[in-house]
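Participant: Output the structure for:
(one chain, ligands or ions: 1)
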Amino acid sequence: MARRLFDPADARRLLNPGPVSIVTASWRGTANATPIAWTASLSMEPPLVGVTIHPSRHIADMIRFAGAFSLNIPGPALLKHVAFLGSLSGRDADKIEAAGFETFTGLRNDAPLIEGCLAWLECDLQEVAPHGDHLLFVGQVYKVHALEEAYSSFWLLEERDLSPLTYLGGDRYAVIGEPLRAEYQVDEHGALVVETVEEREQREEDEAAEQEREKLEGEEGIQEIEQAAREAQRDDGMRRRFF
Ligand SMILES: Cc1cc2nc3c(=O)[nH]c(=O)nc-3n(C[C@H](O)[C@H](O)[C@H](O)COP(=O)(O)O)c2cc1C
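Facilitator: Okay, here's the model as predicted:
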């Protein structure tokens with residue numbers, strides 16, 4: 001495997017796969033919905049989240065005016081909606097209507113909550129701070145709603161449709177997939193045991209089974225090639241007989 005250097009700007013994409021959020025805000029009877037990939041947890045107590053938004057986005061103005069925003073976390077069913085919402089500005093269109101969204105009212109603020117998402121966070125705006133060419137909107141989370149089938153203290157990831165969508169950049173997305181459980185042991189020196197005896201035995205068993213399967217497939221493959229060659233010869237013979 002080859003290692004190479006990338007542009008420092010690639011940091012944003014390498015850190016990307018957190019859930020995409022559709023940020024909503026409502027102000028003076030209008031509402032907007034903008035997909036945002038750059039979000040982070042900032043504090044546990046009080047619960048604070050950070051949302052990084054370019055000052056040119058309409059949602060940036062709306063959050064400032066409203067003093068509140070909500071994060072709607074979609075699954076793969078809203079993939080097209082997310083891409084669409086990121087392709088135009090709420091300054092030029094009612095994006096919520098154009099995307100065909102049904103919404104419901106939150107418990108803390110007026111930002112519409114989007115039906116069909118997996119989870120929703122309602123936040124009060126606490127601070128806006130410029131960082132480079134973006135603004136960091138810090139929100140205190142007051143209400144968290146989530147589908148029970150999708151989330152229970154952690155994302156369950158039991159069904160693809162109930163797993164959050166992540167953004168890789170450009171037109172690439174992914175669904176957070178295989179749930180893994182981290183259980184580990186340390187040896188008598190306190191060092192990590194990367195592979196226990198049982199795990200090594202299991203791995204060796206799996207590898208042996210895989211080799212056996214490949215061997216069988218290889219043999220079947222050879223048989224298929226031989227069979228195809230015999231049929232080709234037969235065809236050839238028939239053709240010669242006909243012509
Ligand atoms: C998946 C996705 C993630 C995005 N993440 C961000 C982000 O983190 N910050 C940002 O400023 N813009 C982000 N954008 C771009 C805005 O969503 C886009 O410019 C949008 O059209 C702005 O709409 P608005 O003017 O109505 O706010 C993202 C777009 C997509 C599709």
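Participant: OK, contacts around the closest residue to the ligand within the chain?
Facilitator: Nearest residue of the chain to the ligand, counting by Cβ to the nearest ligand atom: Gly86, 2.4 Å away. Bear in mind the C-beta positions are built from the backbone N, C-alpha and C, glycine included. By Cβ atoms under 8 Å, 6 or more residues apart in numbering, the contact list for Gly86 reads 34-35.
Participant: phi, psi of it?
Facilitator: Note on Gly86: backbone dihedrals following degrees, to the nearest 10 are phi -90, psi 0.
Participant: And for the nearest residue to Tyr142 once chain neighbours are set aside, the neighbour number?
Facilitator: Distance criterion Cβ to Cβ, 6 or more residues apart in numbering; nearest residue to Tyr142, sequence neighbours excluded, is Arg108 at 4.5 Å. Residues lying near Arg108 (other Cβ atoms under 10 Å) number 15.
Participant: what pLDDT does Arg108 get?
Facilitator: Looking at Arg108, its pLDDT is 95.
Participant: Kindly confirm whether my reading is correct that it touches Gly67.
Facilitator: No. Contact criterion Cβ atoms under 8 Å: Arg108 and Gly67 do not qualify, at 11.5 Å.
Participant: So for these two, which residues contact both of them?
Facilitator: Between them, Arg108 and Gly67 share these contacting residues under Cβ under 8 Å, 6+ apart: Asp124.
Participant: for the ligand, what are the nearby residues on this structure?
Facilitator: With Cβ under 6 Å from any ligand atom as the criterion, the chain comes near the ligand at residues 20, 32, 34-38, 52-54, 57-59, 82-83, 86, 88-91, 167.
Participant: what's the helix or strand for Ile96?
Facilitator: Using DSSP states H and E, the element containing Ile96 is helix 95-98.
Participant: which parts of that helix are buried?
Facilitator: Judged by neighbour count using 16 or more other Cβ atoms under 10 Å, the buried positions of helix 95-98 are 95-96.
Participant: Just after that helix, pick out the following helix or strand.
Facilitator: Using DSSP H and E, the helix or strand that follows helix 95-98 towards the C-terminus is strand 103-104.
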